[in-house]
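K.L.:
just the structure for this:
(one chain, ligands or ions: 1)
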Amino acid sequence: MKKPVIEIQNLSFSYRGHPILKNVNLKINERSFVAMIGPNGGGKTTLLKLMLGLLEPDSGIVSIFGESPQHTAHRIGYVPQEIGINKSFPISVMDVVLMGKLRTGRGWSRHSRNDRNAAEKVLEELEMWELRDRRIGELSGGQRQRVFIARALVNDPEILFLDEPTANVDSKGQTEFYEVLKKLNETAAIIMVSHELMVISSYVKSVACVNENVHYHNAAEITEEMIDMFCCPVELVTHGKVPHRVLRKHEDF
Ligand SMILES: Nc1ncnc2c1ncn2[C@@H]1O[C@H](COP(=O)(O)OP(=O)(O)OP(=O)(O)O)[C@@H](O)[C@H]1O
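P.N.:
Next comes the predicted model:
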């Protein structure tokens, strides 16, 4: 039987008194692949930040591997939605990926051979090895995004959180990227915010609809209700043999 890696109980959160998430209950098992969908402003990024321990709930409990998120950061990878970066900062692709290996108390230059091997492997997987010495500011938006994905993967995370990771990535890059995720999913749970359900529908195993509350569908299907009532911005257009799914009604939990 699969073990839960994330458990959220009766969580509520507000920004300066303005409620964003109310009474959220969610259980995510090991090796899940969850697409987190919902309307703009529905609370997806906020929920990710609560699971990462970057925000504290007003009430309720978030536990990751049975502990508070602050204690489990080293087992988690995170690709944020927007990565503020000074483009003139003289840092190479390889340096950014190695940042994923930094630990408190270890200096910048103390990367072991193993760290470098791990960075090399992940850069090759994401077809970024050729660009390893390039300055980060000299890359295209999509290339830069891959570098930050590589940084999150370099530690072999047991849970990977991604916030709209392929927004700037072309369709070829997306396919390669999802293949990398599929492989990682053999050992890790993946929770990904995305508005591109058609693209991810062949990879995800379940869907969490986030709009103040969370409805978790333990099968990746799309319902009409989800679009009408829940306002989830999901494209239902299918092209030829592109797989698609239909979600059933939200079930009470
Ligand atoms: N730091 C903040 N301070 C105050 N309000 C915030 C802050 N960050 C987000 N919000 C508000 O919280 C709500 C939820 O935001 P969040 O970013 O979680 O939504 P989202 O579902 O990820 O949206 P999107 O699909 O647009 O990325 C929004 O109304 C947003 O304006």
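K.L.:
ok now the helix or strand containing residue 27, how far from the chain's centre?
P.N.:
Assessed by DSSP states H and E, residue 27 sits inside strand 18-29. Distance, stretch centre to chain centre, for strand 18-29: 17 Å (Cα atoms, centre = their mean, to the nearest Å).
K.L.:
tell me which residues in the strand or helix carrying residue 114 are buried?
P.N.:
In the assignment (DSSP H and E), residue 114 maps to helix 113-125. Using 16 or more other Cβ atoms under 10 Å as the test for burial, helix 113-125 gives 115, 118, 119, 122, 123, 125. All C-beta spots, glycine's among them, are computed from the backbone N, C-alpha and C.
K.L.:
correct me, but the last one touches residue 181?
P.N.:
No: under the criterion of Cβ atoms under 8 Å, residue 125 makes no contact with residue 181, lying 10.7 Å away.
K.L.:
dump the buried residues of helix 113-125 to TSV, plus distance to residue 206 and pLDDT.
P.N.:
Output for those, formatted as TSV (distance: Cβ to Cβ, whole Å; pLDDT from 0 to 100):
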residue	distance to residue 206	pLDDT
115	33	86
118	29	91
119	31	93
122	26	90
123	30	93
125	25	86
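K.L.:
dump the residues you listed into CSV; add distance to residue 69 as well.
P.N.:
Shown next, in CSV, are the buried residues of helix 113-125 (distance: Cβ to Cβ, whole Å):
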residue, distance to residue 69
115, 24
118, 24
119, 25
122, 24
123, 28
125, 27
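K.L.:
which single one of these is nearest to residue 218?
P.N.:
residue 125 (29.2 Å; Cβ to Cβ).
K.L.:
check contacts around the closest one.
P.N.:
153, 180 (Cβ atoms under 8 Å, 6 or more residues apart in numbering).
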